[in-house]
Every structure is written in structure tokens, then in C-alpha cells.
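Asker: please find the sequence and the predicted model below.
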Number of protein chains: 4
Amino acid sequence: MSLRALLLNCTLKKSPETSSTEALLREVKEVMEKHGTECELIRVVDHNVKFGVSTDMGDGDEWPQIHDKILASDILLIGTPIWFGKLSSVAQMVMERIDGMLSETNEMKQLPLYNKVAGCVVTGNEDGAQHVTSGILHDLMQTGATIPPNVNCYWVGEAGPGPDYVEAGTTSKYTKTLVQYTGNNLVHLARILKANPIPAEGNTSE
Amino acid sequence: MSLRALLLNCTLKKSPETSSTEALLREVKEVMEKHGTECELIRVVDHNVKFGVSTDMGDGDEWPQIHDKILASDILLIGTPIWFGKLSSVAQMVMERIDGMLSETNEMKQLPLYNKVAGCVVTGNEDGAQHVTSGILHDLMQTGATIPPNVNCYWVGEAGPGPDYVEAGTTSKYTKTLVQYTGNNLVHLARILKANPIPAEGNTSE
Amino acid sequence: MSLRALLLNCTLKKSPETSSTEALLREVKEVMEKHGTECELIRVVDHNVKFGVSTDMGDGDEWPQIHDKILASDILLIGTPIWFGKLSSVAQMVMERIDGMLSETNEMKQLPLYNKVAGCVVTGNEDGAQHVTSGILHDLMQTGATIPPNVNCYWVGEAGPGPDYVEAGTTSKYTKTLVQYTGNNLVHLARILKANPIPAEGNTSE
Amino acid sequence: MSLRALLLNCTLKKSPETSSTEALLREVKEVMEKHGTECELIRVVDHNVKFGVSTDMGDGDEWPQIHDKILASDILLIGTPIWFGKLSSVAQMVMERIDGMLSETNEMKQLPLYNKVAGCVVTGNEDGAQHVTSGILHDLMQTGATIPPNVNCYWVGEAGPGPDYVEAGTTSKYTKTLVQYTGNNLVHLARILKANPIPAEGNTSE
């Protein structure tokens, strides 16, 4: 059974600038690929994604393509840096576009992320990772995704300004463990749900 | 396949005071019982649960019994009121005790809540439900639980002081839908995971 | 003593679309104007503000003008809608640009918002206002602003999708009180700090 | 002009156990005492403080004495450890008791914390400090306190389990700066407000 994963990097920096979040996303991607998962990583800010809560905001909006890739995936992984203790504005822009999916359903009349799994990758200098992953995973759960155990993969340094993940975090034993847990559990649960979908009973819009 | 669910009401008020959180928990309980799930509801503040992060804080601590009931359950549902936009102190005390479970494992060397599912029930006068459920579900996910879609069942009223759920919320069509989604999806996912446990691969302490 | 206030509306919708956040901001503005405060209201999304954390991101970035207006003001009021329980992406983009001010100082070597006061206005359908204002006011406090009492002016409706502030909230007695508290206390504290600035002792970058 | 400060340590551990939060609170206390501020530090869990939201929960409740000390102080400093990314249950219990003060007023019919200032001290192994201080300072602001700039004094270590502040944080240059900012600004603003109280105009319960 072949799985597909979509990884959205919500850094503020356009390619080819170095992104710590992308570095950590790539580590989780590698774990999922070892399981044969077909992965695509998109740096959102390289695309013309517009502010809004409709699926197509028009005027060259490139969200509709990302929207369709989400629907075609079994696994959705959102990556974001931390700014002022919160998810990046690009990540929140993505969540607002996903909010627009609350008015859509799958063919079973369930919310569109049913039978998909979701996780979160966060990098920051110092503080805020769990607050950020809490909010993002909750949004995705509200849109129908299942959240496997231990799919909040993050690195933060000591209190105060300091080096980034790519400068100081890549040897973190704790983060290495989270990379394994996140990558493996996303695949495990995606496989389980693909073979055993959630019944359309008591969870449809009708 | 028979399932067991544990529902923890983290109201500040001892029995037999009316608890809006308990009223909403009972509605979700009824949905799970229709599926044949054996449910137990505990009002934590009626028991001598102590502050701390060890499994047994001694001196008459009654957490160990609740701890064992969690391990014996397939479904864990935490209910809490909102105070100042946050989970109740009793709910946070429970989460701190669950934090102590991070040093324990199941027989597969996974965290103790693996192959269990978790949800959250929240009532408040006006504001803060999603913030509260985000934090609680994230904690449980970190301890190994799987979070099914749409298992944040809540009611809040309009901005400002006002009536409780039992006084003003029980006719809310939105909350009634959340009751159905939460109860049904907890059972659906618990069944799926009981029949198809998460492989102990890339997610154990070894 | 004449005061200046800058009000930033962080709605996702460009003018002239109706913005509930703008409607509530205007109510607070009116209170401040009764005190003779000179107020300017900017809808951020009408301007070419770029993602980033530097004061000038180049390429036509219009943040520098807003940055200078902040420095020229005694009062800063951030208004945002709630999406998925969080501040809007536009509001977070603004906070990221304000994050860039952490590397600047006033002429006393204090952070640039010292001796300014800040408040927050939030509108949403149902839930999340206090979580949003907590985060925004904290960011501004970290950048040097003083937070007067009761400057979190908000409206949210009952749980679930529903009408906006302009459709259903404008008669809320609670929100009307918050409008008064917010507008009056921003002016009171701004006056007090203008006449009695915070000494540059133990709070400078040297 | 003599000032009084009350420091509440909301650790889970009773005296004489070592508390990192207490260690950091003492550093801020020392700064305030250099200004001649009379400081009292209370470890809440050493007292019989009960769950609830009334000022006196009866049955030996020792909150009323702490309540009166808050009213007699110019400065309120809440200290808490982080558990699962959130304030401690003891800290939340304290905030719930302070929530009960929302039904009280000072002699000007303002909320009881008007013309008082508040700050927050947080210690944790790794993550969550700003989320915790955001929530606590917001609660106090809602109860009438003024929040001076840079009064969120914290230390957290790198991602993952690790040493406490007393074991690994006391040499942090960043935290040392926050100690100075917090202690000095609490005193500066308390002095300013004592000499220049907030007018009872547009912010009273009548």
C-alpha cells in the first residue's frame, strides 16, 4: 500500500535562503521515505498564496493547487518557525486557508481531512514549540485529521536570542528521537486508516 | 470487541454540586454507551488527588487508582471548565500527574497511552474552549494517545459573564453535533486501534 | 498635553469590505478622540507589507512608514479577527515586523515602545479572544510597551459558526463596557507616562 | 515613598524542597529591595489554599490572608514552573482565586488591582515560558493591574528533558538581564502609579 505525504514549510524566507524548519522537515521526510512514502515538500512563501478563507481567492492565487495536493495526500505535515512565541504568519495564513475546508466534505460527507493523519514540525531559538504545535494540530484535528502519538517534532534552544536549529540543534538527541517518532507514527497511522477507514457514522454533515 | 472509557471531570466543585462540565460529559458518555462501551465517570475533586508529578505522591494520594483506571481503558476523556481562559487547576493537576506517565511504558516499550484514544470536553461562560482543548489534547498526544478527528466537545456563550452550559447551552445545535462527533469518533478509533495496534517500530524507548 | 494613537486593523479583507474588527476599533477610537487624542486607523492589508522580521524588507515594502507612525505615537492599538482560535495571519505578520524593533532603542537606550501604551481589539464568531489578546499584549510588553488595565476589548458569540460583531455584537453591554475601559485607560496611562516617563535605570541595553 | 511587593511562588513542592522558581523569584526580590521595596515571598503550597473562585472557601481556607496581602501591596509577582507547557496547577488555582476578585472593587469603584503593577517569573526545563507569562499577565491585567514593560522573567533550557534553573540556568546572561528589567520596571511603574493614580473615569463599575 503506497502512501503520499505533503510537507508544507511555512518559513518567512523565500528559497534559496536557509530555513531551519526545512532542515528539520527533511529529516522527518527521510524517515517517511524509508517506508516507501512518496513525499513532496513545498515552501509556501515561494508561491503566490493569498490571505483569505475561501479555497480560491482568485487573482493568481496558488492555494488551489496546494489544496488539491492536501486532498491527494494521506499525511499532512506542517512546518513552521516560532516568532514571538507563536506560529509564523505564513503558517497561520495556511491554517486560514485550511479553515476554508471546513465547508467541504469527502465523498462520505465527512470533513475533508478524515482518514488522513497530520503532524507538526517547529524550530525556534528558544521557546514556544509546544504552544505552536498544540494550536496547529488542534486546527487539523478540527478539519478531520487524526493525530498520531508523538508527532510534534521540534527544537528550541535555551532562553534568549541564540543560534538556529541548523547552527546548534542538529545534534540534539531529543530532537532526533522526535524525528523518528513523528516520521514513523505518521506512516503507521496512515497505513492503519487507509486499510481501516473511520466509519461514516455520527461524524457526517447529514 | 468491548471497549472501556474513563471520563475525568475536572470541575472545581465537589459532588453533589451541579457541574456543567459533568452534564456535557454525560452526553458524550451516552453516545459511547450506545456503542456498548463500558464507561466510568470520576469527579476528580471528590478524591484526595495530590499535587505532584510522580505516580504516587504518598500520604493517602488517590491518584494511583485513577492512574490504573487510565491504563485499563481504551478511551480517555478529560472534561474541564474554563477559568480566566485556561483549563481548571484541577485539570492541570491531572495533566501533571499524567506527565508522570512519561517515564513509564507499555509492554512494547511505547509510552503508556499508545493504542488508546483521547478527547476533551470543555464548558465555559464565554471564551477559551479551543485554547483549552488544544493544550490538553496535545499533552495526551505527547503521552502516546491518538487523537481522533473532532473530539473537542465544548460550549461557550457570548462574550462576558453569563449563564452556564446547564442554564443556557443544552439546546445548542452546534454542541449537540460535537457530542455526536466526539462520542462516535472516540469509539471508532478505539476499535480500529484495538484491532490494529500501532507497530512498535521507531516509537519505543529503546 | 496632546496624544497620538495608531490603530492597526489586521483583518484579512481589503477595503472597502466590511470588517467587524474595524467597527469595534472605531468605537474605541471615538472614546480616545473625546479625550482629544489624534487617532489614525490603518487597514494593514490595504498596504504592501511584506513577510519578514527586518524593519525594511525592500522591494516596495510599506512597513517602514507604519513603523515610523508607531514610533510617533503614544498609543498603539492592534485589532484582529480570530481564525481557528488564533490571531489573523496579518496580525501575526505585524507582530513579526514589530519583533524586528527588538534590535532598536529609543534615545534613552530603552526598547522602542517604552513610555508608550498598548491595547488590543478582537472580534470573532465564537471563541478565542482572550488567547489572542494574551499573545499580542505580551509581545508588545516585550517590546517595551506598558499595558494598562482592561485594554482587551473583544466580542465573540456563542460556540459554533454564527454572525459577526457587526451583525450580532454591537448591542453587547459587556463589549460596550470594554470599549469604555480600553479607550479611557489607554489615554489615562499614556498621559501619566508622558508626564512621568519610566526612568532609564535597569532597563537599557547598556 | 515606600512600596510593598508580594511574591507568590506557585511551585508544586512544599518547603523545604528546592524550587527553581523560588530561586529566580529571589533574584528579582533582591533588585526590588535595593529600591527599598518591602517584599514578602509566599510559597502557596505550604498553605491550605482551596480550589474555588470565591474569596473565602471556608473550612480553614488560607486564601483570605493572601488576598488581603495582595490588596495591601503595590506590586504582585507570580512565579510558576512549567508543566506540559502550561502554568502549574497551583498557579492556576491562584489565578482562579484572583478571578474571584473580579466581583470586588477598590474605594474608587475600580477593579481591585487598579494602581498596582504585576509581573511574572517562570522556570522550566525546556519550553513554554512565554505562553505561561502571556496568560498570567493577561489575567492580572483583566483584574486591574498595570503591566510594565519587560516584566516576564524566565529561564528555559534546550528542547527535551534536562536540568532545572538552579542546576543549569543561573549563569544565563539573558535571564540576568530579565531579572534586572523585571525588578526595576515593577518598582518604576509602581512609584509612578502611586504618585499619579489612574483617574476613576470610564473604568468603574458604575
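Answerer: Structure's in. What do you need?
Asker: for the longest helix seen in chain A, packing partners?
Answerer: Taking DSSP state H as the criterion, chain A has its longest helix at helix A:173-195. Counting contacts by 3 or more Cβ pairs under 8 Å, 6 or more residues apart in numbering or on different chains; DSSP states H and E, helix A:173-195 packs against helix A:20-34, strand A:75-83, strand A:117-124, strand A:152-156, helix B:173-195. (C-beta placed from N, C-alpha, C; glycine too.)
Asker: buried sites along whichever helix or strand comes after the first one?
Answerer: Next along the chain after helix A:20-34, taking DSSP states H and E as the criterion, comes strand A:38-43. With burial defined by 16 or more other Cβ atoms under 10 Å in any protein chain shown, the residues of strand A:38-43 counted as buried are A:Cys39, A:Leu41, A:Ile42, A:Arg43.
Asker: in the longest helix of chain A, what counts as buried?
Answerer: Buried residues in helix A:173-195, counted by 16+ other Cβ under 10 Å: A:174-175, A:177-193.
Asker: need the helices and strands packed on helix A:173-195 in CSV with mean pLDDT, can you?
Answerer: Listed next are these as CSV, based on pLDDT from 0 to 100:
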stretch, mean pLDDT
helix A:20-34, 98
strand A:75-83, 98
strand A:117-124, 98
strand A:152-156, 98
helix B:173-195, 98
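Asker: just to revisit the earlier point, relative to strand A:75-83, how tilted is the longest helix of chain A?
Answerer: Here helix A:173-195 runs at an angle of 150 degrees relative to strand A:75-83 (axes from the mean of the first three to the mean of the last three Cα atoms, to 10 degrees).
Asker: if we can go back for a sec, out of the buried residues of strand A:38-43, which comes closest to B:Ile78?
Answerer: A:Cys39 (33.9 Å; Cβ to Cβ).
Asker: pLDDT value on the closest one, please?
Answerer: For A:Cys39, the model assigns a pLDDT of 98.
Asker: let me see the contact set for it.
Answerer: Contact analysis of A:Cys39 by Cβ atoms under 8 Å, 6 or more residues apart in numbering or on different chains lists A:Arg4, A:Ala5, A:Leu6, A:Leu7, A:Lys29, A:Met32, A:Glu33.
Asker: surely the second one is in contact with A:Thr182?
Answerer: So that's A:Ala5. No - counting by Cβ atoms under 8 Å, A:Ala5 does not reach A:Thr182; the two are 11.3 Å apart.
Asker: pull up the overlap in contacts between those two.
Answerer: A:Leu77.
Asker: what separation do you get for the most centrally placed residue in chain A and D:Val121?
Answerer: Residue closest to the average C-alpha location in chain A (Cα atoms, centre = their mean): A:Ile78, at 1.8 Å. To D:Val121, A:Ile78 is 32 Å away according to Cβ to Cβ, to the nearest Å.
Asker: also A:Asn106?
Answerer: Separation of A:Asn106 from D:Val121 (Cβ to Cβ): 48 Å.
Asker: neighbour-wise, which of the two wins?
Answerer: D:Val121 (34 against 17; other Cβ atoms under 10 Å in any protein chain shown).
Asker: how about the residues of chain A that lie near chain C?
Answerer: Within chain A, the positions adjacent to chain C are A:12, A:45, A:51-53, A:83-90, A:92-93, A:95-96, A:98-99, A:135, A:138-139, A:142 by Cβ under 8 Å from any Cβ of the partner chain.
Asker: show me what from chain A comes close to chain D.
Answerer: Looking at chain D, the residues of chain A close enough under Cβ under 8 Å from any Cβ are A:84-85, A:126-131, A:134, A:154-161, A:169, A:172-175.
Asker: still on that earlier bit, among the contacts of A:Cys39, which pair sits farthest apart?
Answerer: Farthest apart among these by Cβ to Cβ are A:Leu6 and A:Glu33. That separation is 13.4 Å.
Asker: more neighbours: those two, which one.
Answerer: Ranked by neighbour count (other Cβ under 10 Å), A:Leu6 and A:Glu33 place A:Leu6 first, with 21 against 14.
Asker: what pLDDT is listed against the more buried one?
Answerer: In this model, A:Leu6 is scored at 98, pLDDT.
Asker: so what's it up against?
Answerer: Here A:Leu6 is in contact with A:Cys39, A:Glu40, A:Ile42, A:Ile66, A:Lys69, A:Ile70, A:Ala72, A:Ser73, A:Ile75, A:Leu76, A:Leu77 (Cβ under 8 Å, 6+ apart).
Asker: part of a strand, is it?
Answerer: Yes - applying DSSP: H, G, I helix; E, B strand; the rest coil, one finds A:Leu6 inside a strand.
Asker: okay, it and A:Leu12: tell me how far apart.
Answerer: According to Cβ to Cβ, A:Leu6 and A:Leu12 sit 20 Å apart.
Asker: now do A:Glu167
Answerer: From A:Glu167 over to A:Leu12 the distance is 17 Å, taken as Cβ to Cβ.
Asker: A:Met32 touches A:Leu186, doesn't it?
Answerer: Yes - the pair A:Met32 / A:Leu186 is scored as a contact, 6.4 Å apart, by Cβ under 8 Å.
Asker: identify the contacts common to those two.
Answerer: Contacts common to A:Met32 and A:Leu186, judged by Cβ under 8 Å, 6+ apart, are A:Ala5, A:Ile75.
Asker: chain B contacts on chain A?
Answerer: Going by Cβ under 8 Å from any Cβ, the residues of chain A near chain B are A:31, A:110-111, A:113-114, A:130, A:133-135, A:137-138, A:141-152, A:180-181, A:183-185, A:188-189, A:192-193, A:195-196, A:198-199, A:201-203.
Asker: phi, psi of the residue nearest to A:Pro149 when sequence neighbours are not counted?
Answerer: Among residues not flanking A:Pro149 along the chain, B:Gly144 sits closest, at 4.5 Å (Cβ to Cβ, 6 or more residues apart in numbering or on different chains). Torsion angles at B:Gly144 (phi, psi; degrees, to the nearest 10) stand at phi 110, psi -10.
Asker: show me what contacts B:Gly144?
Answerer: Under the criterion of Cβ under 8 Å, 6+ apart, the neighbours of B:Gly144 are A:Pro149, A:Asn150, B:Asn106, B:Gln110, B:Leu111, B:Pro112, B:Leu113, B:Tyr114, B:Lys116.
Asker: pop out the phi and psi values for the first one.
Answerer: A:Pro149 has phi and psi values of phi -70, psi 150 when expressed as degrees, to the nearest 10.
Asker: for it, give me its contacts.
Answerer: Here A:Pro149 is in contact with A:181, A:185, B:110-111, B:113-114, B:141-146, B:198, B:203 (Cβ under 8 Å, 6+ apart).
Asker: check the fifth one too.
Answerer: When contacts are counted by Cβ under 8 Å, 6+ apart, B:Leu111 is found next to A:Pro149, A:Asn150, B:Met101, B:Leu102, B:Glu104, B:Thr105, B:Thr143, B:Gly144, B:Ser205.
Asker: which among those gets closest to D:Asp61?
Answerer: Nearest to D:Asp61, judged by Cβ to Cβ, of these is B:Met101 at 31.1 Å.
Asker: could you measure the spatially closest residue to that closest one that is not a sequence neighbour against D:Val179, distance?
Answerer: Nearest residue to B:Met101 in three dimensions, chain neighbours excluded: B:Pro112, at 4.9 Å (Cβ to Cβ, 6+ apart). Per Cβ to Cβ, B:Pro112 is found 39 Å from D:Val179.
Asker: how about A:Ser20?
Answerer: 29 Å.
Asker: so for A:Met1, what pLDDT did the model give?
Answerer: pLDDT, read off for A:Met1, is 68.
Asker: sorry, back to before: just the buried ones from the contacts of A:Leu6, in PyMOL syntax?
Answerer: The following PyMOL line selects those of the contacts of A:Leu6 that are buried, judged by 16+ other Cβ under 10 Å:
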select buried, chain A and resi 39+42+66+70+73+75+76+77
